[in-house]
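Trainee: fold the following for me, if possible:
(chains A, B, C and D)
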2 protein chains.
Amino acid sequence: MADVNPGPRRRGRPRKASSSDARSAITDAASVEFAEKGYDKASLRSIARRAQVDSALVHHYFESKAGLFAEVVRLPVRPDRIVRAALDVSDDRLGESLVRTVLSAWEQTSVKSIGVTVLRSAVSDSAAGRLIRQFLLRELKGAVAGRIADGGVDRTEADLRATLVLTQMAGALMFRHVLELEPLASMPVDDLTARLAPAVQGHLDGVGDSM
Amino acid sequence: MADVNPGPRRRGRPRKASSSDARSAITDAASVEFAEKGYDKASLRSIARRAQVDSALVHHYFESKAGLFAEVVRLPVRPDRIVRAALDVSDDRLGESLVRTVLSAWEQTSVKSIGVTVLRSAVSDSAAGRLIRQFLLRELKGAVAGRIADGGVDRTEADLRATLVLTQMAGALMFRHVLELEPLASMPVDDLTARLAPAVQGHLDGVGDSM
DNA sequence: CGACTTATTCATCATGTGCTGAATATGACA
DNA sequence: TGTCATATTCAGCACATGATGAATAAGTCG
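Mentor: This is a model prediction of the structure:
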């Protein structure tokens, strides 16, 4: 009964059998912490605590906080790829395809976790957030705008429409996954899709354009 | 020529003529800092520096950081009042009225400054953010949902529609005023209104409802 | 004048942060 | 076995933060 829970672990390399990979314990913990608190408020110490590891070990593996973040946020799915795939349908089904694809993707916890982190970091103006938001927005907006322009729409108009689409999508994702506001948070993907698709389709079609 | 710019001011109460009200210098500075960096990242020291004042003076006037925040964010305009006024039009013009009213209000720098602060704080989960977001969301959602329910729509359906409206508005305000993403950021209110109104109207009308 | 109150700065504390350099224990390989 | 690399903790630095208490200067009111 002496030392069931080994508590503060001994120094030095643990015996092989000691199970549990510390490195992935760290990335797992970091993933959760970043999603919950955003880049700035998540501290290396709290991440280390959650991973049951000394905070110096984080530096041993990832150099810096930014390094850890980069690793955690190294997208397991390229968002622009996903979106681009969703754009491969007829004009009149574009809205629904986009909305459904994005909402479905966010149901995967890995995507949701990273997505929330990105949304959080995007509004705080940390360096990490700025990078991500520039990259992401350009990629995504570009993909959507490109698809619209293919339909013969002038480029700046296409850009505007794409931005409006992102506006609606970002707002919805924010309420559903960051603020977790009911009734949006627990609505089935199908139902939410039905509600959002018309609005997005409208933006894509240029509803409200002076002509 | 000795001491034109008095630089580091002397201790103790300044002579009457010394002009410049320190207290409002602090709230002004705080307003800017909170809007730029959000609650957490804005530090009392940077606020004090901007107001050209010792940071202890901030505590003298406002007790704590939260106190300062409360004072700064004590809305000079009640958002629910504004929104409620915008709701006083015929059903088919509701969307445009809402969008135009909100966008116009945000053109005032005082509203914009507070609004950005609130949006920023709402996504970071600081205590201040949580309070504000609960209050604001309930107020606003309630106002819109109430107006919808007046038209004879069932209450939970009205709630959902109102949330969807907020979704679109929040996304747009985010892109325009927080991320300041072009072309949205510098679009005239009229043009943006024309684009957003149909989407919002659709949500209000329950487009996409299974029936 | 004298007693108070107010406005202001100064010096300092306790805490939390990212990060570093050393110490120690194990494994891998010659 | 000896040597090196790796995994891990420990102790600490330098810095920024919010906060506090005392010191000092001016105004107010009797």
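Trainee: mind splitting chain A into its structural domains?
Mentor: A:18-73, A:79-205 (automatic domain parsing).
Trainee: nearest to DNA strand C, out of those?
Mentor: Closest to DNA strand C of the domains of chain A is domain A:18-73 (C-beta to the nearest atom of the strand; 3.1 Å). The way it works is simple: take the backbone N, C-alpha and C, and place the C-beta from them, glycine included.
Trainee: how far does that closest one sit from the chain's center?
Mentor: Computed by C-alpha atoms, centre = their mean, to the nearest Å, the chain-centroid distance of domain A:18-73 equals 17 Å.
Trainee: check whether it contacts DNA strand C.
Mentor: Yes - using C-beta under 7 Å from any atom of the strand, domain A:18-73 reaches DNA strand C at A:42, A:43, A:44, A:45, A:46, A:55, A:56, A:59, A:63, A:64, A:65, A:66.
Trainee: what about the closest residue to residue A:196 other than its chain neighbours, distance to residue A:168?
Mentor: Nearest residue to residue A:196, sequence neighbours excluded (C-beta to C-beta, 6 or more residues apart in numbering or on different chains): residue A:99, at 4.7 Å. Note on residue A:99: its distance to residue A:168, by C-beta to C-beta, to the nearest Å, is 9 Å.
Trainee: which neighbours do those two have in common?
Mentor: With contacts taken as C-beta atoms under 8 Å, 6 or more residues apart in numbering or on different chains, residue A:99 and residue A:168 have A:196, A:200 as neighbours in common.
Trainee: hmm, who's touching stretch A:40-53?
Mentor: Applying C-beta under 8 Å, 6+ apart, the contact partners of stretch A:40-53 are A:22, A:25-26, A:28-30, A:32-34, A:36, A:54-55, A:57-59, A:65, A:68, A:124, A:126, B:40-41, B:124.
Trainee: list the contacts of residue A:103.
Mentor: Residues counted as contacts of residue A:103 (C-beta under 8 Å, 6+ apart) are A:189, A:192, A:193, A:196.
Trainee: so which elements touch the strand or helix carrying the last one?
Mentor: What it means is residue A:196. In the assignment (DSSP states H and E), residue A:196 maps to helix A:189-205. Here helix A:189-205 touches helix A:94-107, helix A:155-173, helix B:155-173, helix B:189-205, going by 3 or more C-beta pairs under 8 Å, 6 or more residues apart in numbering or on different chains; DSSP states H and E.
Trainee: who's in contact with that helix?
Mentor: Taking C-beta under 8 Å, 6+ apart as the rule, helix A:189-205 contacts A:91-92, A:94-96, A:98-100, A:103-104, A:107, A:148, A:161, A:164-165, A:167-169, A:172, A:176, A:184, A:208, B:160, B:164, B:168, B:195, B:198-199, B:202-203, B:207-210.
Trainee: does residue A:167 touch residue B:170 like I think?
Mentor: No - if you go by C-beta atoms under 8 Å, residue A:167 and residue B:170 don't touch, sitting 9.1 Å apart.
Trainee: more neighbours: those two, which one.
Mentor: In this view residue A:167 and residue B:170 are compared by other C-beta atoms under 10 Å in any protein chain shown, and residue A:167 has more residues nearby, 29 against 22.
Trainee: and the closest residue to that one other than its chain neighbours, what does it touch?
Mentor: Distance criterion C-beta to C-beta, 6+ apart; nearest residue to residue A:167, sequence neighbours excluded, is residue B:171 at 4.1 Å. Neighbouring residues of residue B:171 by C-beta under 8 Å, 6+ apart: A:166, A:167, A:168, A:169, A:170, A:171, A:172, A:174.
Trainee: doesn't residue B:176 make contact with the first one?
Mentor: In other words, residue A:166. No - judged on C-beta under 8 Å, residue A:166 makes no contact with residue B:176 at a distance of 11.9 Å.
Trainee: how near is the most centrally placed residue in chain A to residue B:107?
Mentor: Centroid check for chain A by C-alpha atoms, centre = their mean gives residue A:115 as the closest residue, at 1.3 Å. The gap separating residue A:115 from residue B:107 is 31 Å, by C-beta to C-beta.
Trainee: next: residue A:73.
Mentor: 35 Å.
Trainee: who has more neighbours out of these two?
Mentor: residue A:73 (19 against 11).
Trainee: and the residue lying closest to the more buried one once chain neighbours are set aside, what element?
Mentor: Counting by C-beta to C-beta, 6+ apart, residue A:114 is the residue found nearest to residue A:73 once chain neighbours are left out, at 5.8 Å. Element membership of residue A:114 [criterion: DSSP H and E] is helix A:109-123.
Trainee: run the contact check for that helix versus DNA strand C.
Mentor: No - Helix A:109-123 does not reach DNA strand C (C-beta under 7 Å from any atom of the strand); its nearest approach is 13.4 Å.
Trainee: alpha carbons of the helix-or-strand element of chain A with minimal mean pLDDT, as PDB, please.
Mentor: The weakest-scoring helix or strand in chain A, judged by mean pLDDT, DSSP states H and E, is helix A:127-150 (a mean of 78). Presented in PDB, the C-alpha positions along helix A:127-150 are these (Å, rounded to 0.1, in the frame of the first residue of the first chain):
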ATOM      1  CA  ALA A 127       0.900  36.600 -33.200                       C
ATOM      2  CA  ALA A 128      -0.200  33.000 -33.600                       C
ATOM      3  CA  GLY A 129      -3.800  34.200 -34.100                       C
ATOM      4  CA  ARG A 130      -2.800  36.700 -36.700                       C
ATOM      5  CA  LEU A 131      -0.800  34.200 -38.800                       C
ATOM      6  CA  ILE A 132      -3.600  31.600 -38.700                       C
ATOM      7  CA  ARG A 133      -6.200  34.100 -39.600                       C
ATOM      8  CA  GLN A 134      -4.400  35.500 -42.500                       C
ATOM      9  CA  PHE A 135      -3.600  32.100 -43.800                       C
ATOM     10  CA  LEU A 136      -7.000  30.600 -43.200                       C
ATOM     11  CA  LEU A 137      -9.100  33.400 -44.400                       C
ATOM     12  CA  ARG A 138      -7.100  33.900 -47.500                       C
ATOM     13  CA  GLU A 139      -7.300  30.200 -48.300                       C
ATOM     14  CA  LEU A 140     -11.000  29.800 -47.600                       C
ATOM     15  CA  LYS A 141     -12.100  33.000 -49.000                       C
ATOM     16  CA  GLY A 142     -10.000  32.300 -52.100                       C
ATOM     17  CA  ALA A 143     -11.500  28.900 -52.600                       C
ATOM     18  CA  VAL A 144     -15.100  30.200 -52.400                       C
ATOM     19  CA  ALA A 145     -14.500  33.300 -54.400                       C
ATOM     20  CA  GLY A 146     -12.800  31.200 -57.100                       C
ATOM     21  CA  ARG A 147     -15.800  29.000 -57.400                       C
ATOM     22  CA  ILE A 148     -18.100  32.000 -57.700                       C
ATOM     23  CA  ALA A 149     -15.900  33.700 -60.300                       C
ATOM     24  CA  ASP A 150     -16.000  30.500 -62.400                       C
END
